[in-house]
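*Asks:* The amino acid sequence is not available; the structure is as follows:
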């Protein structure tokens, strides 16, 4: 009986220990998360048909060169609404309070409130996390307003990132043997925060379109925005979900299409 009790206690302790050591957030950049959860591009696309509002937080030029659409979405909800954060044109030129208020204006204009489901999207899933956190917990970011209760981040983003085959961390000797010493060091692209300076990952990117190479970005709409890359996992690339170009007043930032830069075709 004592052995049974000890076994149960051990299992319970280990379960609590395992749960307490799960620290990684759900975003692909392991950023702190206040919002509800992640959602796939496909899931966000389908939910536009049931009233979920998609907020595209990319720069004006990025949105102009291509953004999510859903022809089957509800009225005034057939495209993503552009409310940039944290960059409008340059870098860091969007005020968090102004961003929050602009999203509130979009939602109230659709007859919604703080409970309206919202999804956020950027290029690869980084800026959209920052934006979703502000919408969900404005006070923590020095923003005044009623928090939104149902915000999710679109994990892949519009362009996306490369997908990789799983490989174990490699040490210095292994990396030197394969000529990949440039991957050494904490903070290298794709290296988890938990890895120390003497470890790194050997990247094994996937050739998703099976053309024999890992593709580079190309500009197929506007020369200043190279978003086309079939080896990236985003909305417009590997996901192959509907997207459109140009800007309409309904979905433009602050309803002003004149502020968007002209597009020079490749």
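*Replies:* Looks like it came in fine. Keep in mind the model is a prediction, meaning the values are calculated, not measured. Numbers count the residues shown, from 1 in each chain.
*Asks:* OK, contacts around residue 124?
*Replies:* 28, 156, 157, 159, 160, 161, 234 (Cβ atoms under 8 Å, 6 or more residues apart in numbering). All C-beta spots, glycine's among them, are computed from the backbone N, C-alpha and C.
*Asks:* The third one against residue 125, yeah?
*Replies:* Yes: using Cβ atoms under 8 Å, residue 157 is in contact with residue 125, at 4.3 Å.
*Asks:* sorry, back to before: which two from the contacts of residue 124 end up farthest apart in space?
*Replies:* 28 and 159 (12.7 Å; Cβ to Cβ).
*Asks:* Between those two, which is the more surrounded one?
*Replies:* More crowded of residue 28 and residue 159, by other Cβ atoms under 10 Å: residue 159, with 24 against 18.
*Asks:* in which helix or strand would I find the residue lying closest to that one once chain neighbours are set aside?
*Replies:* In space, and not counting its chain neighbours, residue 159 is closest to residue 234: 4.4 Å by Cβ to Cβ, 6 or more residues apart in numbering. For residue 234, there is no helix or strand it lies in under DSSP states H and E.
*Asks:* Surely residue 234 and residue 158 touch.
*Replies:* Yes: judged on Cβ under 8 Å, residue 234 makes contact with residue 158 at a distance of 5.2 Å.
*Asks:* need the contact list for residue 49.
*Replies:* Residues in contact with residue 49 (Cβ under 8 Å, 6+ apart) are 70, 72, 73, 74.
*Asks:* go again using 6 Å as the cut-off
*Replies:* 72, 73 (Cβ atoms under 6 Å, 6 or more residues apart in numbering).
*Asks:* Make sure I have this right: it is in a strand.
*Replies:* No: read with DSSP: H, G, I helix; E, B strand; the rest coil, residue 49 is helix and lies in no strand.
*Asks:* ok, residue 258 - how many residues close by?
*Replies:* 7.
*Asks:* Look at it and give its secondary structure.
*Replies:* On the basis of three-state DSSP, residue 258 is classed as helix.
*Asks:* That one and residue 85: what is the separation?
*Replies:* Going from residue 258 to residue 85 by Cβ to Cβ, to the nearest Å gives 21 Å.
*Asks:* Could you do residue 25 as well?
*Replies:* Counting by Cβ to Cβ, the gap from residue 25 to residue 85 is 19 Å.
*Asks:* same question, residue 51
*Replies:* 22 Å.
*Asks:* what about the two, which has more around it?
*Replies:* residue 85 (27 against 14).
*Asks:* That one: helix or strand, and which one exactly?
*Replies:* Under DSSP H and E, no helix or strand contains residue 85.
*Asks:* Can you name the residues that contact it?
*Replies:* The contact partners of residue 85, by Cβ under 6 Å, 6+ apart, come to 57, 94, 99, 131.
*Asks:* And for stretch 137-145, what's in contact with it?
*Replies:* With Cβ under 6 Å, 6+ apart as the test, stretch 137-145 has contacts from 34, 96, 97, 100, 134, 147.
*Asks:* and the first one, how many neighbours?
*Replies:* Which is residue 34. 17.
*Asks:* what's the pLDDT at it?
*Replies:* Per-residue pLDDT puts residue 34 at 95.
*Asks:* try residue 161
*Replies:* Predicted confidence (pLDDT) for residue 161: 94.
*Asks:* With adjacent residues omitted, what lies nearest to it?
*Replies:* Closest residue in space to residue 161, ignoring its immediate chain neighbours: residue 124 at 5.2 Å, by Cβ to Cβ, 6+ apart.
*Asks:* what are the phi and psi values for the one you found?
*Replies:* Main-chain dihedrals, residue 124, degrees, to the nearest 10: phi -130, psi 0.
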